[in-house]
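let me see the structure of the following:
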Amino acid sequence: MEISGIEAKGPYDIHIAGTSGQQVRNVPLSLEVYDDIFPVANLSSPADGTRELRPAFGITLEWDTIDNAEQYDIQIAATPDFSDLLETASINFPFYEPQLLENDKSYYWRVKPKNRCGEGEYSPLFLSVPWKPNAKPIQVRTLSLFLKTVPVP
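Numbering: from 1, shown residues only. Just a heads-up that it's a prediction; the model follows:
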């Protein structure tokens, strides 16, 4: 079988006709064409160098959708060379909610797109700076005054 007329990635509906003697059978099929070349993922949120994140309370890492990607690999590390990986995942959507991060540490993260034909390169890393509570929290005190009327002689 030879397929022609494919000019770009995307879905194509094709029809196959098979003949055997007097019998003819038509079979509709869907063909999905992928490209193995990807743009670099554009990490968007939180912004690079964002300060005072509170990952222990839940954050979402986000990046722009890549049309040709079926999945994304994400890596989160304690070091900028990613030698100390803390979390990795393969996900279908352009966002991820880390599960193992703590408030008092800095983290580096990056993403690469992939599909069944190949995978792209990792994005440039982003740094997320930890939230650190102030050493001396502000205390608010309420003072109540009760005035008593005293007769003057």
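
any idea of the pLDDT on the residue nearest to the spatial centre of the chain?
By C-alpha atoms, centre = their mean, the chain has its centre lying nearest to residue 95, at 2.6 Å. Per-residue pLDDT puts residue 95 at 95.

what's the following helix or strand after the worst-scoring helix or strand of the chain on mean pLDDT?
Across the helices and strands of the chain, the lowest-confidence element by mean pLDDT, DSSP states H and E is strand 50-53, at a mean of 64. Using DSSP states H and E, the next helix or strand after strand 50-53 towards the C-terminus is strand 61-63.

given that following strand, what are its sheet partners and their directions?
Note on strand 61-63: by DSSP bridges, its sheet partners are strand 43-45 (antiparallel), strand 95-96 (antiparallel).

now tell me what touches the shortest one from outside.
Going back to what we said before, that points to strand 95-96. 60-63, 72, 74, 89 (C-beta atoms under 8 Å, 6 or more residues apart in numbering). Heads up, the C-betas are built off the backbone N, CA and C, glycines and all.

next, count neighbours for residue 100.
10 (other C-beta atoms under 10 Å).

mind listing what it touches?
86-87.

hey, what's the residue nearest to residue 93 when sequence neighbours are not counted bridged with?
Of all residues beyond its chain neighbours, the one nearest residue 93 is residue 72 (7.8 Å), with distances taken as C-beta to C-beta, 6 or more residues apart in numbering. Taking DSSP bridges, one obtains residue 91, residue 113 as the residues bridged to residue 72.
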